[in-house]
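A.B. asks: Got a sequence here, can you build the structure:
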Amino acid sequence: MRTINVTALLDGVRFNAFHARVLLWCALIIIFDGYDLVIYGVVLPSLMAEWGLSAMQAGALGSCALVGMMIGALFFGSLSDRIGRRKTIAFCVILFSGVTALNGLAQSPEMFGLCRFIAGLGIGGVMPNVVALMNEYSPRQSRSTLVAIMFSGYSLGGMLSAGLGMWLIPLWGWQAVFYVAAIPLLALPLLVRQLPESMNYLLRSGQTERAQAILEQALPDYRPAAGDALEQASGRHANVSIGELFREGRTLNTLMLWLAFFCCLLMVYALSSWLPKLMSGAGYGLNSSLTFLLVLNVGAIIGAIGGGWLGDRVGLGKVLLGFFTCGALALALLSFKAPLAVLYLLVAIAGACTIGTQILANACTVQYYPAQIRSTGLGWAMGIGRTGAIIGPLLGGALHASGLPLQVSFLVFALPGVVGALAVLVFLFNTSGAPLTAVKAASL
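C.D. replies: Here you go, the predicted structure:
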């Protein structure tokens, strides 16, 4: 009888076709998750014109999906640790894709806001689960990079949303971009077959044969034998209550991660929701203002992948600290008048250091918590952070309604970057009891 340490095996394997399959499907989910979320910023100028919305009303409407995301992240993040990630992911895809498509039929702001809230439940619920699943099966040496590549699908979805908006809205109106969101439902049966279940969940629930079958796919040299006992490195158990996030010296780090998520998500959704409208108000046409949203997401992809690569080498914590600082600086510099090329560059840096930072923060969080509370830890971090996401569009609306110069908005958006950098600095000092100790890509 052999006792097999599954964590060590999965950590040490080289990237292969199994990892590519998991990466592909998780990335596709995140692409449409990002599409469904960024879509509001794309249609905002059209909605304000058609329904006569004030800036404050528009900000409140933009926060509807984010309230749903907060609840979804808290609920589905914890639920998946109990029923499995694959079932939870499939249900969330049905929820956010189906309801976002229905959003195109909304005839009033109230109906529009309700659909955005329900879709937000699925959008928020799927994120912590696909990140945790990708992290669980990624080889240790490339874990941060793979999670960052996967989550950069969010920015690809944002680019797709902005690009289709530039084409579809002038031809068929804002409703058309919502109907595209139904496409993932067509691929759902294949998704359910191709996406593996969490190894941690299978072992905790006693499904050893299914776990061995997945190991055969992930590990080309693994051959199961009768009586094999599979175990994972850190004592896996079924207790996944929120209290676990504050045990074993994790209290301060948990609070700092929550604060960092709050600050980062505030910047992300303030920019995603209001950047096209702010640039439109500055004299740029619809397509030109949507181009800024495209540039923001291009920068996010570069920042996420580059940051993930750096994170595997110097530690995600150090990279997060640098990104928060650079993001605050880029947003502050946007408050000064500059040539168009410089504006594009600053917006790209802002995308890399806000959306990109959020992607890296997700990877950092799932690598910080033990596997048995990984989805719960990320779900609560994203859920608490969603309060910042909710405030972001409201803050943008309040600044726009105040009639203050465009530059003031960017200066205000930069402040959370400073606070986020301080939170990461405290997290680093408290990790392993040493200053600037990197959060390594190993599962702790």
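
A.B. asks: Assess the claim that residue 68 and residue 118 are in contact.
C.D. replies: Yes: with contacts counted by C-beta atoms under 8 Å, residue 68 reaches residue 118, the gap being 6.4 Å. The C-beta positions use only the backbone N, C-alpha and C, and glycine is treated the same way.

A.B. asks: The two: which has the busier surroundings?
C.D. replies: residue 68 (27 against 21; other C-beta atoms under 10 Å).

A.B. asks: tally of neighbours for the closest residue to the more buried one other than its chain neighbours?
C.D. replies: Leaving aside its sequence neighbours, residue 68 sits nearest to residue 120 (C-beta to C-beta, 6 or more residues apart in numbering; 2.4 Å). The number of residues packed near residue 120 is 29, by other C-beta under 10 Å.

A.B. asks: What does the pLDDT read for residue 120?
C.D. replies: Residue 120 is assigned a predicted lDDT (pLDDT) of 91.

A.B. asks: what about it, helix or strand, and which?
C.D. replies: Residue 120 is part of helix 109-137, with elements assigned from DSSP states H and E.

A.B. asks: Any buried residues in that helix, and which?
C.D. replies: 109, 112-137 (16 or more other C-beta atoms under 10 Å).

A.B. asks: and that helix, what does it pack onto?
C.D. replies: helix 17-51, helix 55-83, helix 85-103, helix 143-151, helix 199-204, helix 340-368, helix 374-401 (3 or more C-beta pairs under 8 Å, 6 or more residues apart in numbering; DSSP states H and E).

A.B. asks: The same query, at a cut-off of 6 Å, please.
C.D. replies: Packing partners of helix 109-137 (3 or more C-beta pairs under 6 Å, 6 or more residues apart in numbering; DSSP states H and E): helix 17-51, helix 55-83, helix 85-103, helix 143-151, helix 340-368, helix 374-401.

A.B. asks: Could you tell me what pLDDT the model assigned to residue 289?
C.D. replies: Looking at residue 289, its pLDDT is 65.

A.B. asks: Residues in contact with the strand or helix carrying residue 184: which ones?
C.D. replies: Take DSSP H and E as the rule and residue 184 turns out to sit in helix 183-186. By C-beta atoms under 6 Å, 6 or more residues apart in numbering, the surrounding residues in contact with helix 183-186 are 32, 93, 97.

A.B. asks: Would you enumerate the residues in contact with the last one?
C.D. replies: Put plainly, it is residue 97. By C-beta under 6 Å, 6+ apart, the contact list for residue 97 reads 181, 184-185.

A.B. asks: Grab the nearest non-local neighbour of it.
C.D. replies: Residue 97's closest residue in space is residue 184 (C-beta to C-beta, 6+ apart), at 4.5 Å.

A.B. asks: distance of that neighbour from residue 429?
C.D. replies: 42 Å (C-beta to C-beta, to the nearest Å).

A.B. asks: Just want to know which of the two has more residues nearby.
C.D. replies: Remark: of residue 184 and residue 429, residue 184 carries more neighbours, 23 against 16, as counted by other C-beta under 10 Å.

A.B. asks: can you pull the pLDDT of that one?
C.D. replies: 86.

A.B. asks: And residue 286, by the same measure?
C.D. replies: Looking at residue 286, its pLDDT stands at 54.

A.B. asks: so can I have JSON lines of the contacts of residue 97 showing distance to residue 253?
C.D. replies: Shown next, in JSON lines, are the contacts of residue 97 (distance: C-beta to C-beta, whole Å):
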{"residue": "181", "distance to residue 253": "36"}
{"residue": "184", "distance to residue 253": "35"}
{"residue": "185", "distance to residue 253": "39"}
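
A.B. asks: Among those, which one lies nearest to residue 147?
C.D. replies: Closest to residue 147 out of the contacts of residue 97 is residue 184 (20.7 Å), distances taken as C-beta to C-beta.

A.B. asks: pretty sure residue 217 is touching residue 18, no?
C.D. replies: Yes: applying C-beta atoms under 6 Å as the test, residue 217 and residue 18 come out as touching, 4.8 Å apart.

A.B. asks: gap between the residue nearest to residue 97 and residue 126?
C.D. replies: 10 Å.

A.B. asks: rewinding a little: ok and the helix holding residue 120 relative to helix 143-151, angle-wise?
C.D. replies: On the basis of axes from the mean of the first three to the mean of the last three C-alpha atoms, to 10 degrees, helix 109-137 is oriented at 150 degrees to helix 143-151.

A.B. asks: and helix 109-137, how far out from the chain's middle?
C.D. replies: Distance, stretch centre to chain centre, for helix 109-137: 10 Å (C-alpha atoms, centre = their mean, to the nearest Å).

A.B. asks: how about low-confidence regions in the stretch 201-350 of the chain?
C.D. replies: 224-228, 231-241, 281-289 (pLDDT under 70).

A.B. asks: In the stretch 151-300 of the chain, what residue spans correspond to strands?
C.D. replies: Secondary structure of the stretch 151-300 of the chain by DSSP state E, counting those that start in this stretch: the strands cover 229-231.

A.B. asks: how about the helices in it?
C.D. replies: Secondary structure of the stretch 151-300 of the chain by DSSP state H, counting those that start in this stretch: the helices cover 153-172, 175-179, 183-186, 188-194, 199-204, 208-218, 251-281, 286-314.
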